[in-house]
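**Q** For reference, the sequence and a predicted model appear below.
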Amino acid sequence: MNSDFGPQVVRLYALAARTLGWQPDEFWAATPAELVAALSPPAAATDQPIGRDQLNTMMELGNE
């Protein structure tokens, strides 16, 4: 880790707060992969939509 870690985290949190509406606990609970996925552009329109089973799984995980 280097001395630039702190300022980088503050900038990332500010971006997540403004763009995603995340509160501090949501930011700190997210993994780096989740943050990247949340801030990345949407998937291309040629991608297949998710199936009902995948949607149900995501909804169950969101209720935990």
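**A** Happy to help now that I have it.
**Q** looking at the protein, which helix or strand is least sure?
**A** Ranking every helix and strand in the chain by mean pLDDT, DSSP states H and E puts helix 5-20 at the bottom, with a mean of 83.
**Q** Just give me how far that one sits from the chain centre.
**A** With C-alpha atoms, centre = their mean, to the nearest Å as the basis, helix 5-20 stands 12 Å off its chain's centre.
**Q** Ramachandran coordinates for N63?
**A** Main-chain dihedrals, N63, degrees, to the nearest 10: phi -90, psi 0.
**Q** Check it and give its pLDDT.
**A** We note a pLDDT of 80 for N63 in this prediction.
**Q** what's around it, how many residues?
**A** N63: 6 surrounding residues under other C-beta atoms under 10 Å. C-beta here means a position set from N, CA and C on the backbone, and glycine is covered the same way.
**Q** Next one: it relative to R11, how far apart?
**A** From N63 over to R11 the distance is 31 Å, taken as C-beta to C-beta, to the nearest Å.
**Q** now L61
**A** 28 Å.
**Q** And S40, by the same measure?
**A** 17 Å.
**Q** can I get the CA coordinates of stretch 56-64 in PDB?
**A** What follows is stretch 56-64 as a C-alpha-only set of coordinates in PDB (Å, rounded to 0.1, in the frame of the first residue of the first chain):
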ATOM      1  CA  ASN A  56     -35.000 -14.600  -8.700                       C
ATOM      2  CA  THR A  57     -31.600 -15.400  -7.400                       C
ATOM      3  CA  MET A  58     -30.500 -11.800  -7.600                       C
ATOM      4  CA  MET A  59     -33.700 -10.700  -5.900                       C
ATOM      5  CA  GLU A  60     -33.200 -13.200  -3.100                       C
ATOM      6  CA  LEU A  61     -29.600 -12.000  -2.600                       C
ATOM      7  CA  GLY A  62     -30.800  -8.400  -2.400                       C
ATOM      8  CA  ASN A  63     -33.100  -9.300   0.500                       C
ATOM      9  CA  GLU A  64     -30.400 -10.800   2.700                       C
END
